[in-house]
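Participant: give the three-dimensional model of this entry:
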Amino acid sequence: MNEVMDLSLVDWSRGQFALTAIYHWLFVPLTLGLSFIIAIMESIYIKTGNPEWKKITKFWMTLFGINFAIGVATGIILEFEFGTNWSNYSWFVGDIFGAPLAIEGIMAFFLESTFVAVMFFGWNKISKRFHLFSTWMVAIGANLSALWILVANAWMQFPAGMHFNPDTARNEMINFWEILFSPLAVNKFLHTITSGFVTASIFVAGIGAWYLLKNREKFLATRSILIAAIFGLISSIYLAFTGDISAKLVGEKQPMKLAAMECLYKGEMGTPLKLFAVLKPSNDTSRLNFPYTKMVIEIPYGLSLLTHDDPKAFVPGVKDLIEGRPEYGLLSAREKIERGKIARQMLREIKEAQQDGDTEKYLELKAKFLDPVFQKNYFSYFGYSFFKEPKNLIPNIPITIYSFHLMVLLGIYFIFFFITIILFSFYGSIEKNKFFLWIMLLSIPLPYLAGQSGWVLAEVGRQPWVIQDYLPTLAAVSHISSSSVQITFWLFALLFTALLIAEVKIMVKQIKIGPKDH
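Facilitator: Residues are numbered from 1 along each chain as shown. Below is the predicted model of the structure:
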């Protein structure tokens, strides 16, 4: 990896990947959640034998199919970018990162695709129970597809189950199960798919509200709204639960991200939790002075309790993590940089001894490099060796804190949103309350906004790392021209925007047509 890097190339590569990921995540959540809602509706049809439920299932299945097809297209491009734009990353961890992606393609994608055909074209051609089985398999397959890419992303946030080979300068997998079942991977998967369930629930409820406002399809609308509200309420409560676990894991594995998302510059015992904050602009180039807030709402001792289950626990802030707090076992960023340089220099010496044919020196250095003490005290800071200024280890705090609090506030809103729908539905007044029907309809974009905020928090908050502590973003990009990335950025922007417009138009047209007796 070269010492000199074109920073514009890094920025454009990050921008292109962010563009692709953002557009991809506009399609995925609806697929994850709507697949299960469809399966639930078809199960009711099989149980009751009421043909109205078959018509309802087919209607939502049509919208699912439109969204599914476009989501697949953006996902394929996203995976190709690991090779085209991030080849150094792919080389460094390809043995680990490639496995989940391969499993996604071989198992989940083929499972999903096989049963999609049966689900759409098998009506009246196969038994009702086998068709229902196919629908459930599509739902399970769609969510399994998400599992493997989320396992890979969780590994980037918290590397586990790996071994660094100094001969090849690559990370190699030594324990697949440790990667698959790491606490971060399990919780990230559950938190992410549950956000998709909430998205689909609000989408279904919003479309149902539109039908009631238009005085159309009353049976479809009221039944769909009730199912979506129950499914959504359970999902939104569980989403809050997994979010709480996420905060604990971030505090343990990525303390800088936690400090940034809570705007915690100097740690303290009994740290309060910020429910809402507005930051003052700061011109401080060191990025270490506290940007006093214009307005803040806090819960006393909340952050200490959230992250350590102890209201008096110490939570480190940005300044502590950069300057160090020996009394709490925190090394300074300067010390981490120096230790990373020692590990990197030894790796160079191993390679030189290998090339010179000095077997004795090579074996001696390699044994020292692989010693567990050296690995823990020096190689674990390998990625810090790429930095000269500690301030570059601080993520963008305004983006991180605002995305975090927006996500949390919307999550709270969703719980009350679904509770209100259920109350109106059980009292038989949902269709009479025009004002709340408009709220339901206008709430459709909100889960998408919450989901995007969550991903911004996850990825911006961990910068400057591609792999936490081991590989920075500036060292992960492919060595290609910045202009090439710029060209493809704008091409992808046009393509994805066209796909999004096409989907919205087709969806709107299909919703206006409504359910049909096929």
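
Participant: quick one: average confidence on the helix or strand encompassing residue 466?
Facilitator: Secondary structure assigned from DSSP states H and E places residue 466 in strand 465-467. pLDDT averaged over strand 465-467 equals 93, rounded to a whole number.

Participant: tell me which residues of stretch 346-354 come out buried.
Facilitator: Within stretch 346-354, the residues that qualify as buried are 346-347, 349-350, 353-354, counting by 16 or more other CB atoms under 10 Å. In short, each C-beta sits where N, CA and C put it, glycine included.

Participant: out of those, which is nearest to residue 13?
Facilitator: Nearest to residue 13 among the buried residues of stretch 346-354: residue 347, at 24.8 Å, using CB to CB.

Participant: what residues are up against the nearest residue to residue 237 once chain neighbours are set aside?
Facilitator: Excluding its sequence neighbours, the residue lying closest to residue 237 (CB to CB, 6 or more residues apart in numbering) is residue 415, at 6.3 Å. By CB atoms under 8 Å, 6 or more residues apart in numbering, the contact set of residue 415 is 233, 236-237, 240.

Participant: okay, now the unreliable bits of this structure?
Facilitator: In the predicted model of the chain, residues 1-5, 107-109, 282-295, 517-518 satisfy pLDDT under 70.

Participant: recalculate using a threshold of 80.
Facilitator: Along the chain, the parts satisfying pLDDT under 80 run over 1-6, 69-80, 83, 94-95, 97-113, 275-297, 428-429, 516-518.

Participant: tell me which element the residue nearest to residue 480 when sequence neighbours are not counted falls in.
Facilitator: In space, residue 480 comes closest to residue 9 once its chain neighbours are excluded; the distance is 7.2 Å by CB to CB, 6+ apart. The secondary structure element spanning residue 9 is helix 7-48 (assigned by DSSP H and E).

Participant: tell me the two of the buried residues of stretch 346-354 that are most distant?
Facilitator: Across these, the two members that end up farthest from each other (CB to CB) are 346 and 354, 12.6 Å apart.

Participant: can you give me the buried ones in stretch 77-87?
Facilitator: If you call a residue buried by 16+ other CB under 10 Å, then stretch 77-87 has these buried ones: 77-78, 81-82, 84-87.

Participant: ok now the helix holding residue 9, how far from the chain's centre?
Facilitator: Relative to the centre of its chain, helix 7-48 is centred 11 Å away, using CA atoms, centre = their mean, to the nearest Å.

Participant: ok but the residue nearest to residue 237 is inside a helix, no?
Facilitator: Yes: with DSSP: H, G, I helix; E, B strand; the rest coil as the criterion, residue 415 is part of a helix.

Participant: check the gap between it and residue 236 for me.
Facilitator: Relative to residue 236, residue 415 is positioned 5 Å away (criterion: CB to CB, to the nearest Å).

Participant: residue 113 now?
Facilitator: Look at residue 113 and residue 236: by CB to CB, they are 30 Å apart.

Participant: and the strands in the stretch 401-518 of the chain?
Facilitator: 465-467, 471-472 (DSSP state E, counting those that start in this stretch).

Participant: mean neighbour count and distance to residue 312 added to those strands, as TSV?
Facilitator: Below are those laid out as TSV (neighbours: other CB atoms under 10 Å; distance: least, CB to CB, whole Å):
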stretch	mean neighbour count	distance to residue 312
strand 465-467	23	30
strand 471-472	22	35
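
Participant: so which of the ones you listed gets nearest residue 39?
Facilitator: strand 465-467 (36.6 Å).

Participant: and the closest one, which strands flank it?
Facilitator: Within its sheet, and counting by DSSP bridges, strand 465-467 is paired with strand 471-472 (antiparallel).

Participant: who touches stretch 111-122?
Facilitator: Counting by CB under 8 Å, 6+ apart, 61, 65, 68, 126, 130-131, 134-135, 137-138, 140-142, 144-145 sit against stretch 111-122.

Participant: coming back round to it: who has more neighbours, residue 113 and residue 236?
Facilitator: Of the pair residue 113 and residue 236, residue 236 is the one with more neighbours under other CB atoms under 10 Å, namely 27 against 14.

Participant: show me what contacts the residue nearest to the more buried one when sequence neighbours are not counted?
Facilitator: With CB to CB, 6+ apart as the criterion, residue 236 has its nearest non-adjacent residue at 4.4 Å, and that residue is residue 414. Applying CB under 8 Å, 6+ apart, we find residue 414 in contact with 198, 202, 232, 236, 239, 446-447, 450.

Participant: check the gap between residue 353 and residue 171 for me.
Facilitator: 21 Å.

Participant: tell me which element residue 297 is part of?
Facilitator: Using DSSP H and E, residue 297 sits in strand 293-299.

Participant: now the helix or strand that that strand is followed by: how far from the chain's centre is it?
Facilitator: Beyond strand 293-299 in the direction of the C-terminus, DSSP H and E gives the next helix or strand as helix 302-308. Between the mean C-alpha location of helix 302-308 and the chain-wide mean there is a distance of 23 Å, by CA atoms, centre = their mean.

Participant: helices or strands up against helix 302-308?
Facilitator: Counting contacts by 3 or more CB pairs under 8 Å, 6 or more residues apart in numbering; DSSP states H and E, helix 302-308 is packed against helix 218-253, strand 273-279, strand 314-315.

Participant: include distance to residue 336 when you put the ones you listed into CSV, please.
Facilitator: Below are the helices and strands packed on helix 302-308 laid out as CSV (distance: least, CB to CB, whole Å):
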stretch, distance to residue 336
helix 218-253, 16
strand 273-279, 27
strand 314-315, 19
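
Participant: so for residue 22, which of these sits nearest?
Facilitator: Across the helices and strands packed on helix 302-308, the minimum distance to residue 22, taken as CB to CB, is reached by helix 218-253, at 20.2 Å.

Participant: what's downstream of the helix holding residue 9, the next helix or strand?
Facilitator: Sequence order places helix 51-84 as the next helix or strand after helix 7-48, per DSSP H and E.

Participant: buried stuff in that following helix?
Facilitator: 53-64, 66-68, 70-72, 74-75, 77-78, 81-82, 84.

Participant: stretch 262-276 too?
Facilitator: Those buried within stretch 262-276 under the rule 16+ other CB under 10 Å are 262-267, 270-274.

Participant: contacting residues for residue 60?
Facilitator: Taking CB under 8 Å, 6+ apart as the criterion, residue 60 is in contact with 34, 37-38, 41, 204, 224.

Participant: does residue 100 touch residue 149 like I think?
Facilitator: Yes: with contact taken as CB atoms under 8 Å, residue 100 and residue 149 are classed as touching, separated by 6.7 Å.

Participant: now do the contacts for residue 225.
Facilitator: If you count contacts by CB under 8 Å, 6+ apart, residue 225 has them with 204-205, 208-209, 212, 421, 425, 430, 440.

Participant: state the distance from the residue nearest to residue 478 when sequence neighbours are not counted to residue 16.
Facilitator: Spatially, and ignoring its direct neighbours in sequence, residue 478 is nearest to residue 87 (4.1 Å; CB to CB, 6+ apart). Here the criterion is CB to CB. By it, residue 87 lies 14 Å from residue 16.

Participant: tell me the gap between stretch 331-338 and the middle of its chain.
Facilitator: With CA atoms, centre = their mean as the basis, the distance from the averaged C-alpha position of stretch 331-338 to the chain average is 29 Å.

Participant: please save the CA atoms from the helix or strand where residue 116 lies in PDB.
Facilitator: Mapping residue 116 onto the secondary structure by DSSP H and E places it in helix 110-121. The C-alpha trace of helix 110-121 is given here as PDB (Å, rounded to 0.1, in the frame of the first residue of the first chain):
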ATOM      1  CA  PHE A 110     -30.800 -19.300  -5.100                       C
ATOM      2  CA  LEU A 111     -33.300 -20.300  -2.300                       C
ATOM      3  CA  GLU A 112     -35.000 -17.000  -2.700                       C
ATOM      4  CA  SER A 113     -35.000 -16.900  -6.500                       C
ATOM      5  CA  THR A 114     -36.300 -20.500  -6.900                       C
ATOM      6  CA  PHE A 115     -39.300 -20.000  -4.800                       C
ATOM      7  CA  VAL A 116     -40.000 -16.500  -6.200                       C
ATOM      8  CA  ALA A 117     -41.000 -18.100  -9.500                       C
ATOM      9  CA  VAL A 118     -43.200 -20.600  -7.700                       C
ATOM     10  CA  MET A 119     -44.800 -17.900  -5.600                       C
ATOM     11  CA  PHE A 120     -45.700 -15.700  -8.600                       C
ATOM     12  CA  PHE A 121     -46.600 -18.300 -11.200                       C
END
